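Colleague: turn this into a structure:
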Amino acid sequence: MDKPIISGDTIIIPSSQENLADVDLFIEGTLRGYGVQESIIADIAISVSELVNNAILHGNKSSPDKAVTVSIARVNGSVQITVKDQGIGFNPEKVANPIEDANLLKEVGRGIFIVRSLMDSVEITGSSEGTVVCITKAI
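Modeller: Next up, the predicted model:
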């Protein structure tokens, strides 16, 4: 896959950070189409960008042979977004708390913390086929 593919409520991108802007445009455009407030769009866009970046770098290890899939849907007054990678999966319980004294100066480990603080719900499922993160935000 050389470039992003959009099909309905889903965008699939090659594992390259060059495609982050395409995901951002897709998510923000869809949310504006739903009539979502700009402040909520900003929170969701930050969260999705963080998750897609993690999927590219940590999940797929920037492998050009792997893709990241992002899907969006309206569900009962909320928006639900799913980000899937094709990595080996990970255990979210092993992510260190970035606000503990020992972790304050570390350059990594804040993404999931930020996403959890901005979204109403964050579900992470890891398996040998990759990681799936589903976030939900009331709109």
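
Colleague: could you confirm Ala21 falls within a strand?
Modeller: No - per DSSP: H, G, I helix; E, B strand; the rest coil, Ala21 lies outside any strand segment and is helix.

Colleague: distance of it from Ala45?
Modeller: 11 Å (Cβ to Cβ, to the nearest Å). To be clear about C-beta, it is placed using only N, CA and C from the backbone, and glycine gets the same treatment.

Colleague: comparing these two, which residue is more hemmed in?
Modeller: Neighbours were counted for Ala21 and for Ala45 using other Cβ atoms under 10 Å; Ala45 has more, 18 against 11.

Colleague: contacting residues for the more buried one?
Modeller: Neighbouring residues of Ala45 by Cβ atoms under 8 Å, 6 or more residues apart in numbering: 24, 27-28, 31.

Colleague: chain center to the helix or strand of the chain with the lowest mean pLDDT: distance?
Modeller: Lowest by mean pLDDT, DSSP states H and E among the helices and strands of the chain is helix 111-118, with a mean of 84. In this view, helix 111-118 has its centroid 10 Å away from the chain centroid, taken as Cα atoms, centre = their mean, to the nearest Å.
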